[in-house]
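Visitor: show me the folded form of this:
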Amino acid sequence: MVLKYCLLLFTTLQFIQARKVVDLTHTYDKDVPKYPLGWLGLENFTYFKMDTLAAQFIDEMWIAFKKIEYYEHQGTHIDAPIHFGSGRQTLEEIPPERLIGPGVVIDIRNKVTNNSDYAVTVQDILDHEDEYERIPPNAIVSLNSGWAQKYPNANLIFGTENTSDPTTFHFPGWSVEACEMLLQERQVSVLGVDTPSTDPAQPPIYPCHIYLQTNNVPLLEYIANLDSIPPRGTTIVLGAPKVRGGTGGPTRIFALIDDDQEQEITSNSASRNFMSAIFAFMYLNVFRFC
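Guide: Just a heads-up that it's a prediction; the model follows:
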């Protein structure tokens with residue numbers, strides 16, 4: 001029994017040493033940028049509303065709960081395939097194995113400096129692979145355009161002063177050719193962006209959505225903090241809601257960074273030294289009795 005708990009503790013500490021967790025999620029509230037839906041004839045609906053139902057002490061017990069009403073596709077969120085794919089998977093039908101996978105970040109920040117409508121090309125992907133090797137199957141691939149720094153300012157996010165008219169919007173996304181290559185030749189699980197949409201703002205049409213979601217590929221939009229993780233060496237975990245019939249919803253996104261990757265980013269060995277000291281103590285004082 002002592003040996004069992006010693007091994008369990010040792011394994012747990014190894015996991016702690018080998019992982020840094022980065023939150024890739026913007027905080028969700030009433031100030032999220034609101035993509036207009038007037039072109040669909042949908043206006044004057046509630047994007048976000050939170051009502052307090054209870055927040056009080058009952059005798060000495062505190063209790064609080066609220067009611068939230070929100071539009072599915074805003075803030076850091078997932079698009080279920082049904083969003084643009086007729087008859088395709090709704091939220092609860094997305095296979096759980098799609099919600100975790102190796103992370104890949106393609107950096108296009110230098111490409112969008114003079115072209116805010118930039119669309120990631122096949123060559124961009126090949127250039128990335130020249131530096132970081134071939135994208136593995138079942139990856140969760142995101143583009144880093146630097147757009148997360150503009151969040152939640154709607155004028156900056158949409159690239160316009162007229163945030164009610166999508167024909168005036170300017171932000172980058174994926175090209176449909178890149179999407180075809182990533183799905184057919186790299187078998188990606190999920191595609192993501194740090195912008196409002198998988199498709200670039202111009203022209204205001206959605207070929208990437210249509211192609212990917214017709215093939216049951218979930219999408220991520222408004223990803224945060226991609227600057228805080230490396231292009232490779234992460235595991236992405238998606239906390240997608242499991243709502244029956246849902247077409248999307250707010251999603252908590254985590255990146256688990258291997259210890260050697262984390263060292264490249266921070267070059268801070270304090271945590272490694274701390275854990276080494278713990279292992280040394282455990283060896284001298286615990287494991288020798290196991």
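Visitor: okay, strands next: where are they in this structure?
Guide: Secondary structure of the chain (DSSP state E): strands at 19-23, 48-58, 61-70, 77-79, 100-107, 119-120, 140-144, 173-174, 190-193, 219-221, 234-239, 248-250, 252-258.
Visitor: winner for burial among those strands?
Guide: strand 173-174 (a mean of 30; mean count of other Cβ atoms under 10 Å). C-beta: built from backbone N, CA, C; applies to glycine.
Visitor: quickly run through the sheet partners of that strand, with directions.
Guide: strand 119-120 (parallel) (DSSP bridges).
Visitor: dump the strands of the chain into JSON lines; add distance to Lys30 and mean pLDDT as well.
Guide: Putting the strands of the chain into JSON lines (distance: least, Cβ to Cβ, whole Å; pLDDT from 0 to 100) gives the following:
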{"stretch": "strand 19-23", "distance to Lys30": "20", "mean pLDDT": "92"}
{"stretch": "strand 48-58", "distance to Lys30": "5", "mean pLDDT": "97"}
{"stretch": "strand 61-70", "distance to Lys30": "9", "mean pLDDT": "97"}
{"stretch": "strand 77-79", "distance to Lys30": "15", "mean pLDDT": "98"}
{"stretch": "strand 100-107", "distance to Lys30": "29", "mean pLDDT": "98"}
{"stretch": "strand 119-120", "distance to Lys30": "31", "mean pLDDT": "98"}
{"stretch": "strand 140-144", "distance to Lys30": "26", "mean pLDDT": "98"}
{"stretch": "strand 173-174", "distance to Lys30": "26", "mean pLDDT": "98"}
{"stretch": "strand 190-193", "distance to Lys30": "23", "mean pLDDT": "98"}
{"stretch": "strand 219-221", "distance to Lys30": "18", "mean pLDDT": "98"}
{"stretch": "strand 234-239", "distance to Lys30": "21", "mean pLDDT": "98"}
{"stretch": "strand 248-250", "distance to Lys30": "13", "mean pLDDT": "98"}
{"stretch": "strand 252-258", "distance to Lys30": "18", "mean pLDDT": "94"}
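Visitor: can you list the ones you listed in CSV and add distance to Asp199?
Guide: Putting the strands of the chain into CSV (distance: least, Cβ to Cβ, whole Å) gives the following:
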stretch, distance to Asp199
strand 19-23, 26
strand 48-58, 24
strand 61-70, 23
strand 77-79, 11
strand 100-107, 16
strand 119-120, 8
strand 140-144, 12
strand 173-174, 5
strand 190-193, 9
strand 219-221, 10
strand 234-239, 20
strand 248-250, 15
strand 252-258, 20
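Visitor: which one of those lies nearest to Gly38?
Guide: Among the strands of the chain, the nearest to Gly38 by Cβ to Cβ is strand 48-58 (17.7 Å).
Visitor: list of residues touching stretch 89-104?
Guide: Contacting residues not belonging to stretch 89-104 are listed as 78, 80-82, 128, 132, 135-136, 138-142, 189-190, 216, 218, 229, 231-249, 255 [Cβ atoms under 8 Å, 6 or more residues apart in numbering].
Visitor: measure it end to end?
Guide: Stretch 89-104 has an end-to-end distance of 24 Å (criterion: Cα to Cα, to the nearest Å).
Visitor: do the same with stretch 226-234
Guide: Stretch 226-234 has an end-to-end distance of 11 Å (Cα to Cα).
Visitor: and it, what's buried?
Guide: 226, 229-234 (16 or more other Cβ atoms under 10 Å).
Visitor: and the end-to-end length of stretch 98-112?
Guide: 29 Å.
Visitor: re earlier: need the max-distance pair from the buried residues of stretch 226-234.
Guide: Pairwise distances among the buried residues of stretch 226-234 were taken by Cβ to Cβ; the largest, 13.8 Å, belongs to Leu226 and Gly233.
Visitor: intersection of neighbour lists for the two?
Guide: If you check Leu226 and Gly233 against Cβ under 8 Å, 6+ apart, no residue is contacted by both.
Visitor: pLDDT weak spots in the stretch 101-250 of the chain?
Guide: Scanning the stretch 101-250 of the chain for pLDDT under 70 picks out nothing.
Visitor: in it, which spans are helices?
Guide: Listed from the start of the chain, the stretch 101-250 of the chain has helices (DSSP state H, counting those that start in this stretch) covering 109-112, 122-132, 154-158, 176-184, 207-214.
Visitor: counting by contacts, list what the shortest one packs against.
Guide: Here helix 109-112 is seen to pack against no other helix or strand when contacts are counted using 3 or more Cβ pairs under 8 Å, 6 or more residues apart in numbering; DSSP states H and E.
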